[in-house]
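Asks: Below is the structure, and that's it, no one-letter string:
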């Protein structure tokens, strides 16, 4: 007779974990450093839930760590503390493992801000397990379908261009496509840190997304990142000051606009972001006009169009559109100051 618990697990779609693997974070991960931007990150996927709460650790200007297999969470904060003392990734690895009597059941990847990278796989981890490193990256996994998982991750990471987060996700998808976790899939996460680049510049958590329980977690992680980069990555790269990052930002914008149905608020967001920075003013005008066609009575979009027109050198049309915005919202102090600015009137 089949035990009732087993029947219930099958009905609910939950696959029981073999007893000898219980408590293990069977995982494949990549830890990396981008010398062009200073970003550090970790991307990880696993058959167990909530992998993003155990494996990835990173600190801007310091380093990044993935701790997995029979996870020792203290490797995260302790390792970052050692990296903060300007120890190399290799020295930190030696220190953490020397102090851990259960190191042979651990797996660990570390990168530092000099591009140093190390990966460790204990002799008592479950097969297939292993890792690979190169300048600025460490890739590792355990209970995988085979070595192809990490080899394909490495190849994809090295061949992919663009921001670090996109490269990490491409590598993660390559690992999943190669077989990934031999037990299946359930969760995935990405963490990228960059100084003062979190929300409103109030933290260093540039990208921080967890998919804790999903039938296709890597695909869901990539979908969520597509939304995240529109609102959190795009403005950071636009303001970074480098030509390369400006190009990345504009590519994010164009990809976003191509991949979704026209939305007036999204169009207005991009138009305003470009206009207030004086970037591609003609493009900002076109986006604002498209948004206004979809929402012809939206005074916020009228104000955006006015700003874009002013930045493109058409102060007369800017005044006309700001007046129309004020007709709909006559007590709006910002619109009033905009109108005075477009008319080149002195502030009171």
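Replies: The structure has been received and is ready for your questions. Just so you know, these numbers come straight off a predicted model, no measurement behind them.
Asks: Pretty sure residue 216 sits against residue 185.
Replies: Yes: using CB atoms under 8 Å as the test, residue 216 is close enough to residue 185 to be in contact (6.9 Å). For the C-beta atoms, the positions are set from N, CA and C on the backbone; glycine is no exception.
Asks: of these two, who's got more company?
Replies: The neighbour comparison of residue 216 against residue 185 (other CB atoms under 10 Å) goes to residue 185, with 18 against 14.
Asks: Now for the more buried one: which residues touch it?
Replies: Neighbour list for residue 185: 45-47, 176, 215-218 [criterion: CB atoms under 8 Å, 6 or more residues apart in numbering].
Asks: Could I get the pLDDT score of it?
Replies: pLDDT, residue 185: 93.
Asks: From residue 118, how far out is residue 256?
Replies: 37 Å (CB to CB, to the nearest Å).
Asks: all strands for the stretch 201-348 of the chain, in order.
Replies: Taking DSSP state E, counting those that start in this stretch to define them, one finds strands in the stretch 201-348 of the chain at 205-211.
Asks: residue ranges with poor pLDDT in it?
Replies: Flagging of the stretch 201-348 of the chain using pLDDT under 70 yields the residue ranges 345-348.
Asks: for this structure, what spans make up the helices?
Replies: 4-12, 75-84, 89-98, 148-159, 164-177, 217-228, 234-239, 243-258, 264-277, 281-294, 299-311, 315-328, 333-342 (DSSP state H).
Asks: tell me the most buried of the ones you listed?
Replies: The highest mean neighbour count among these, using mean count of other CB atoms under 10 Å, belongs to helix 299-311: a mean of 25.
Asks: Near the closest residue to residue 50 other than its chain neighbours, how many other residues are there?
Replies: Nearest residue to residue 50 in three dimensions, chain neighbours excluded: residue 212, at 4.8 Å (CB to CB, 6 or more residues apart in numbering). Residue 212 has 14 neighbouring residues, counting by other CB under 10 Å.
Asks: Residue 212 against residue 49, yeah?
Replies: Yes: using CB under 8 Å, residue 212 makes contact with residue 49 at a distance of 5.5 Å.
Asks: what is in contact with those two at once?
Replies: Common neighbours of residue 212 and residue 49 (CB under 8 Å, 6+ apart) are residue 187.
Asks: re the thing from before, for the residue nearest to residue 50, what are its contacts?
Replies: Here residue 212 is in contact with 49-53, 187 (criterion: CB under 8 Å, 6+ apart).
Asks: quick one: which of those is nearest to residue 243?
Replies: Closest approach to residue 243 among the contacts of residue 212 (CB to CB): residue 52, at 33.1 Å.
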